[in-house]
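Q: Just a sequence and a predicted model for now, questions to come.
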Amino acid sequence: MRLTRPMLAVALAVLALAGCGSGGERERAEVPRTAEGSLEQLAAEARCEPDIQTDADEIRQAICRNGNGRFILATFATDRGQREWINGAKDYGGHYLVGRKWVAVGEPAVVTALRGTLGGTLEEGKDHGASHGAH
């Protein structure tokens, strides 16, 4: 997969928002049906005003903030494009709430809270908290 400028920008934003640690928050017991719709429709359900950062044919991305915190919300033109983006972004760590053709990225508590509103599946990127090599 070739990283495009919008994809790289999102991956860097993942690092800035989500950090490289992992949290121990529990998942909610009740998860609603996974939301569908445009970036604006999903943002409205998540009760945030989207600050659009990328508006391209293959991906639309916004920074959002609601009562639970700050997160990135992205929508994709295709399921394949979404999965390729997630697989590439996971190399940078982070916590992901994944729906059909959309993803929210943020701190563990934020994506867990969003799951109570938007449904979806929680995924986690690589853990960069471990030591890398000998010193």
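A: Great, that's in hand. Numbering: from 1, shown residues only.
Q: residues touching V111, list them.
A: For V111, the contacting residues are F71, H95, Y96, L97, A104, V105, L122, by CB atoms under 8 Å, 6 or more residues apart in numbering. Every C-beta, even on glycine, is put in place using the N, C-alpha and C of the backbone.
Q: swap in L73?
A: Shown in contact with L73 (CB under 8 Å, 6+ apart): 39, 42-43, 46, 48, 50, 61-64, 102-104.
Q: Among the contacts of V111, which lie within strands?
A: Per DSSP state E, strands hold the following members of the contacts of V111: F71, H95, Y96, L97, A104, V105, L122.
Q: how about the fourth one, what does it touch?
A: Neighbouring residues of L97 by CB under 8 Å, 6+ apart: V103, A104, V105, V111, L114, R115, L118, G120, T121, L122, E123.
Q: So how do I select the buried members of the residues you listed in PyMOL?
A: Here is the PyMOL command that picks out the buried ones among these, judged by 16 or more other CB atoms under 10 Å:
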select buried, resi 103+104+105+111+114+115+118+120+122+123
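Q: Can you add distance to E84 and pLDDT and give the contacts of L97 back as CSV?
A: Below are the contacts of L97 laid out as CSV (distance: CB to CB, whole Å; pLDDT from 0 to 100):
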residue, distance to E84, pLDDT
V103, 12, 98
A104, 18, 98
V105, 15, 97
V111, 20, 97
L114, 22, 97
R115, 23, 97
L118, 21, 97
G120, 18, 97
T121, 17, 96
L122, 19, 96
E123, 14, 95
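Q: between the contacts of L97, which is closest to E30?
A: R115 (9.9 Å; CB to CB).
Q: Could you look up the SS state of that closest one?
A: helix (DSSP: H, G, I helix; E, B strand; the rest coil).
Q: do the same with T75
A: Following three-state DSSP, we place T75 in the strand state.
Q: try I86
A: At I86 the chain is in helix, as set by three-state DSSP.
Q: can you tell me which residues contact it?
A: Per CB under 8 Å, 6+ apart, neighbours of I86: Y96, V98, V103, E123.
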